[in-house]
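**Student:** Prediction below, plus the sequence it came from.
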Amino acid sequence: MLNKFIRINLRVCISSIFLIALLTFCSKPETKTKSDAAKPKPVPNPFNLAVDGTKLERDTIEANQTLSDILLPHNVSQKKINEVEKIASKVFPLRNLRADDELYIYSNQDSVESVKYFVYVQDPVNYVVFDLRDTVKVYKKQKQVTMKRMIVSGTIKSSLYQAFQEKNIDLKLAYKLADIYECEIDFFHIQQNDSFKVYYEQMDLEGKPISVGKILAASFYYHKDNYYAFYFDKEKDGNYFDDKGNSLRKGFLKAPLKFNARITSFYSMNRFHPILHTNKTHLGTDFAAPTGTPIISTAGGIVLEAAYSGGNGNYVKVKHNATYTTQYLHMSRFAAGIHKGTSVKQGQVIGYVGNTGLATGPHVCYRFWKNGKQVDPRKEKNMALNPVSKKNRPAFEEAKKELTAKLLSETNDVTGKNENAKGAGNSERRNNISSK
């Protein structure tokens, strides 16, 4: 009996010891998890601020939201808010806050919330810091970006716009390229297998492209000929020149729209009118484009008229000099600040495509006067602006040589390293530039 009692107690003891050991072993991870959970998570800080021990609230600006609307819920007094507004007026006026832009609020994790920083993000690079600690400070900052020099090329199947889309190239680069060649190349008559190659600057932030910079050099194979562009900054304001040193800027642009449009009707002395259903003269060129597409002045001048008339709809007429005047019809609306007497520059937006007046669809009718008579602008000589000056010719030739070598290469300059270029160019079209 005694032995039986001892054996039972022994089993109970062994079971208890095993249970205690098991519970002790299982409790260790729980203690570690609690310890880890107690540690404060790092607060996101892309602005290099002293934010240790703070909590972050990330939000976006709402339409018509004021600084008081943003900060009062965070226990910032109206007196301090007024102080911030006064100091900010000299650095970044708060009327410049835009809806949907990001903001970051860093606050102390005390019993009563106290805001340390309020950061307004203007764009991926630029931001404004409102330092609310002790003495209020407001200052602008920029994130560090990397400048790369890139080469892209492509062959056109239908349009420059589509060629850039298909190769996933930033469309801003396409617009810049069109700006450079708008006096040389008729983008409404590009042929299949025309091609381009561009050497340009690209800004990267945290390893990702965020913006397209300056085009440094380009070649465009158009209608079986090569057109070259080299940026040269030693002439006034910097400009683009061809391989002979002639300016690519001319007296008039070829069209009042960029490349994403098409010509639907030419200058004609006998055209069938689609609304009036009769043959009559059409002393303009019609460019079809979506409603709202920007219309640009083809040369600098003074606005003679910005008005509405029955057949013309909303139109703008610009006097360029004693010889030439242009007119732009059927606008949906005028650009801000465009009225009689306004001075405009070449390429400046003066209105937007519409179908006001006698129009079957959204387009701009472009009209061109020479010495008071309407003429076909395509048949007018378009004199270039000043070429590279004699004193700067040696420097231009040296710059052209270096840029040509880059254009003919198949590599990108990426912070001192080379990478394969996107899209190889057609080697059969790499003519010697000096032999053009």
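**Tutor:** Sure thing, it's come through.
**Student:** quick one, phi/psi of Glu113?
**Tutor:** Phi and psi for Glu113, reported as degrees, to the nearest 10, are phi -60, psi 140.
**Student:** Tell me which residue lies nearest the centroid of this structure.
**Tutor:** Lys172 (5.5 Å; C-alpha atoms, centre = their mean).
**Student:** now the strands for the stretch 151-300 of the chain?
**Tutor:** Counting by DSSP state E, counting those that start in this stretch, the stretch 151-300 of the chain has strands at residues 195-205, 208-222, 225-232, 239-241, 262-265, 268-272, 279-282, 285-288, 294-296.
**Student:** Could you identify which of those has the lowest mean pLDDT?
**Tutor:** The weakest mean pLDDT among the strands of the stretch 151-300 of the chain belongs to strand 268-272, with a mean of 53.
**Student:** Assess the claim that Pro46 and Gln144 are in contact.
**Tutor:** No. Counting by C-beta atoms under 8 Å, no contact exists between Pro46 and Gln144, whose distance comes to 10.6 Å. C-beta: built from backbone N, CA, C; applies to glycine.
**Student:** more crowded one of those two?
**Tutor:** Using other C-beta atoms under 10 Å as the criterion, Pro46 and Gln144 rank with Pro46 on top: 12 against 8.
**Student:** For the more buried one, which residues are in contact?
**Tutor:** By C-beta atoms under 8 Å, 6 or more residues apart in numbering, the contact set of Pro46 is Lys143.
**Student:** was I right about the residue nearest to the centre of the chain contacting Val212?
**Tutor:** Yes. Lys172 is within contact range of Val212, at 4.6 Å (criterion: C-beta under 8 Å).
**Student:** one step back: how far away is the residue nearest to the centre of the chain from Tyr139?
**Tutor:** 29 Å (C-beta to C-beta, to the nearest Å).
**Student:** Check Lys390 too.
**Tutor:** 47 Å.
**Student:** Val128 now?
**Tutor:** Separation of Val128 from Tyr139 (C-beta to C-beta) stands at 7 Å.
**Student:** Name the residues contacting each of these two.
**Tutor:** Overlap of the contact sets of Val128 and Tyr139 (by C-beta under 8 Å, 6+ apart) consists of Val91.
**Student:** coming back round to it: who's more crowded, Lys390 and Tyr139?
**Tutor:** Tyr139 (13 against 8).
**Student:** what's the more buried one in contact with, if anything?
**Tutor:** 91, 128-129, 131 are the contacts of Tyr139 under C-beta under 8 Å, 6+ apart.
**Student:** how about it, secondary structure?
**Tutor:** Using DSSP: H, G, I helix; E, B strand; the rest coil, the secondary structure recorded for Tyr139 is strand.
**Student:** so it bridges to which residues?
**Tutor:** Beta-bridge partners for Tyr139, by DSSP bridges, are Val129.
**Student:** And for Lys197?
**Tutor:** If you apply DSSP bridges, the partners that Lys197 bridges to are Ser153, Ser219.
**Student:** Any regions of this structure where pLDDT drops low?
**Tutor:** 1-44, 237, 259-261, 267-280, 382-384, 410-436 (pLDDT under 70).
**Student:** what's the one helix or strand Thr326 maps to packed up against?
**Tutor:** Taking DSSP states H and E as the definition, one finds Thr326 inside strand 324-334. With contacts taken as 3 or more C-beta pairs under 8 Å, 6 or more residues apart in numbering; DSSP states H and E, strand 324-334 sits against strand 301-309, strand 313-319, strand 349-353, strand 363-370.
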